[in-house]
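Visitor: Dropping a prediction and its sequence here:
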Amino acid sequence: MEATGARFVDGAIQVDGYPDAVKIAALPPDLPADASKRLADLAAHIQDLVFASRAAARLINEGGDPPLVRDALWRSAVVAFWRCFDKTSKRSPLDPAEIYGDGLPREAHEFVRKLRNKGIAHDDRIFTSYVLGAVIGPDTEERKVIEILFHGLQAQALTSPMLVNFKLLTEEALTWADTEFQSQASQVVVRMRSMSYEQLLALPALSITPPQVLA
């Protein structure tokens with residue numbers, strides 16, 4: 001489960017909600033690297049899916065937000081959602097075939113993929129159309145061509161049916177990812193409970209390295 005109320009105390013991480021906790025230990029170093037990575041990837045997916053689901057709920061229930069805010073929230077939600085399925089990411093992506101059934105769910109998922117890849121992250125002219133036009137004025141040297149105007153059209157994906165479908169996609173993926181995380185985390189708990197108490201206390205305290213944003 002996600003740690004909330006975490007803080008640094010004397011260089012170590014302390015987490016609220018566990019009154020009888022003796023320490024927050026790092027996972028055993030002999031745990032297979034792929035198991036640790038899978039758990040970390042699932043945790044990251046869950047965070048993104050929670051955000052996407054909450055964003056969709058806000059868009060559905062709060063129609064009074066300014067159009068700019070709604071559009072920004074929608075784009076952010078789509079990007080966060082698709083990050084969980086991106087095969088080029090350093091995360092292990094979720095497999096839509098394991099989450100969604102055939103028919104409408106898979107079709108909606110494919111639409112979100114195209115929207116993110118070809119309409120939000122990139123512009124492949126699938127969801128947009130642009131033309132340029134000249135304003136012709138009176139027959140004088142300075143006014144016969146007044147200005148060049150830009151006209152753009154964008155396919156409207158931010159509709160009530162699409163929002164409902166998108167929220168269902170996020171909820172199904174979130175349920176699957178959370179169930180998978182709990183299942184794999186339980187296996188780690190069983191493995192660690194086979195260790196002696198002395199071995200558990202000898203594990204390093206949990207620490208975290210800040211992201212190297214500019215590295």
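Guide: Looks like it arrived, so ask away.
Visitor: Count the residues that sit near the residue nearest to residue 80 when sequence neighbours are not counted.
Guide: The shortest distance from residue 80 to any non-neighbouring residue, by CB to CB, 6 or more residues apart in numbering, is to residue 48 (4.3 Å). Glycine gets a C-beta too; all of them are placed from N, C-alpha and C. By the criterion of other CB atoms under 10 Å, residue 48 has 21 neighbours.
Visitor: what's the helix or strand in which residue 48 is found packed up against?
Guide: Using DSSP states H and E, residue 48 maps to helix 33-61. On a contact count with 3 or more CB pairs under 8 Å, 6 or more residues apart in numbering; DSSP states H and E, helix 33-61 meets helix 67-83, helix 160-193.
Visitor: got a list of contacts for the shortest one?
Guide: What that stands for is helix 67-83. By CB atoms under 8 Å, 6 or more residues apart in numbering, the surrounding residues in contact with helix 67-83 are 48-49, 51-52, 55-56, 58-59, 65, 89, 91, 112-113, 115-117, 120-121, 157-158, 166, 169-170, 173.
Visitor: So which bits of the helix or strand just after it are buried?
Guide: Tracing the chain past helix 67-83, the next element assigned as helix or strand by DSSP H and E is helix 96-99. The neighbour-count check on helix 96-99 (16 or more other CB atoms under 10 Å) flags 96, 99 as buried.
Visitor: Contacts for helix 96-99, please.
Guide: Under the contact criterion CB under 8 Å, 6+ apart, helix 96-99 has outside partners 85, 106, 109, 172, 173, 176.
Visitor: Now with 10 Å, please.
Guide: Residues outside helix 96-99 that contact it (CB atoms under 10 Å, 6 or more residues apart in numbering) are 84-85, 105-106, 109-110, 113, 169, 172-177, 180.
Visitor: Give the buried residues for stretch 144-161.
Guide: For stretch 144-161, the neighbour count (16+ other CB under 10 Å) marks 157, 158 as buried.
Visitor: export it as CSV, just CAs?
Guide: As requested, the backbone C-alpha atoms of stretch 144-161 are provided in CSV (Å, rounded to 0.1, in the frame of the first residue of the first chain):
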residue,chain,number,x,y,z
LYS,A,144,-5.3,45.1,-50.8
VAL,A,145,-3.7,42.3,-48.7
ILE,A,146,-4.3,43.2,-45.1
GLU,A,147,-3.2,40.2,-43.1
ILE,A,148,-2.5,36.5,-43.1
LEU,A,149,-4.8,34.5,-40.8
PHE,A,150,-4.4,31.1,-39.2
HIS,A,151,-7.4,28.8,-38.9
GLY,A,152,-7.3,25.6,-36.9
LEU,A,153,-9.8,22.8,-36.1
GLN,A,154,-9.4,20.2,-33.5
ALA,A,155,-11.4,17.0,-33.1
GLN,A,156,-13.2,17.2,-29.7
ALA,A,157,-12.2,14.2,-27.6
LEU,A,158,-13.2,15.8,-24.3
THR,A,159,-16.9,14.6,-24.5
SER,A,160,-19.1,13.1,-21.8
PRO,A,161,-19.1,9.6,-23.4
